[in-house]
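In: The following block contains a protein sequence and its predicted model.
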Amino acid sequence: MTRIAIAYASGAGHTLRLARAVADGAPGARLLDVEALDDTGWSALHAADAIVFGAPTYMGNVSAPFKAFMDISSDFWLDRLWKDKVAGAFTVGSSASGDKANTLTTLAIFAAQHGMIWIGQDEIGPPARTDNPVNHDGFWLGLAATASRDKSRLIGEADLETARRFGTRIAMFTERLATRQGH
């Protein structure tokens, strides 16, 4: 069985809700809050076959806590501990665009610097808005959701379903890669 870690930072709970939905699509995935990582958490990241990064989009990029996590990873960057691991990412912001593409680009470059294998979004979404479409904002580099102003929901059902499907995609690709590599 492949090991999937979801490393996330969540300000108001939106990103955590999205992380849980990604994990629903990838049963057995381990959620790791980057603000609370200890040696066990770092070990889990190093041992994972796939790492999915999740950060809210604040002011056009990843949040400060997630950026701190990225910076700490430079301590082992030369050791190539994450080389050839599967990587993907998700973000959430308060508007349909909101510069979420910049956050996903930042996370893709971060994964590339670690030598990881990037998996993007495969859900086409509708050509026009409907009541409950998956990937309704049309992001391909990764999963992007729009925060609900209703704090009892945080993330709408369409984005949660997109997140579950993204988690399933990551899990299926990771398993396929592990099988080909003889793990």
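Out: Done, it's in. Numbers count the residues shown, from 1 in each chain.
In: Could you report the neighbour count for Asp71?
Out: 9 (other C-beta atoms under 10 Å). C-beta here means a position set from N, CA and C on the backbone, and glycine is covered the same way.
In: so what's it up against?
Out: By C-beta atoms under 8 Å, 6 or more residues apart in numbering, no residues touch Asp71.
In: Using the three-state scheme, assign it.
Out: Under the three-state scheme (DSSP: H, G, I helix; E, B strand; the rest coil), Asp71 adopts helix.
In: same thing with Asp84?
Out: From three-state DSSP, the assignment for Asp84 is coil.
In: Give me the below-cutoff pLDDT ranges for this protein.
Out: Residue ranges of the chain with pLDDT under 70: 1, 126-132, 183.
In: if you set the cut-off to 80 instead, what comes out?
Out: Along the chain, the model assigns pLDDT under 80 to residues 1-2, 96-98, 124-132, 136, 149-153, 181-183.
In: Am I right that Ala5 is in a strand?
Out: Yes. Under three-state DSSP, Ala5 sits within a strand.
In: Surely it is in contact with Ser43?
Out: No. With contact defined as C-beta atoms under 8 Å, Ala5 does not reach Ser43; the gap is 10.3 Å.
In: which residues of this protein fall in helices?
Out: Taking DSSP state H to define them, one finds helices in the chain at 14-25, 39-47, 64-72, 74-77, 100-113, 157-180.
In: Comparing Ala5 and Ser43, which residue is more hemmed in?
Out: Ranked by neighbour count (other C-beta under 10 Å), Ala5 and Ser43 place Ala5 first, with 23 against 11.
In: partner residues bridging the more buried one?
Out: Taking DSSP bridges as the rule, Ala5 bridges to Arg30, Ile51.
In: who's in contact with it?
Out: Listed by C-beta under 8 Å, 6+ apart, the contact set of Ala5 reads 29-30, 32, 44-45, 48, 50-52.
In: can you do 6 Å?
Out: By C-beta atoms under 6 Å, 6 or more residues apart in numbering, the residues touching Ala5 are 30, 32, 44-45, 48, 51.
In: same thing with Gly98?
Out: Gly98 makes contact with Thr57, according to C-beta under 6 Å, 6+ apart.
In: One more: the one 4 residues further on?
Out: For Asn102, the residues meeting the contact criterion (C-beta under 6 Å, 6+ apart) are 60-61.
In: State the distance from it to Phe139.
Out: Computed with C-beta to C-beta, to the nearest Å, the distance linking Asn102 and Phe139 is 11 Å.
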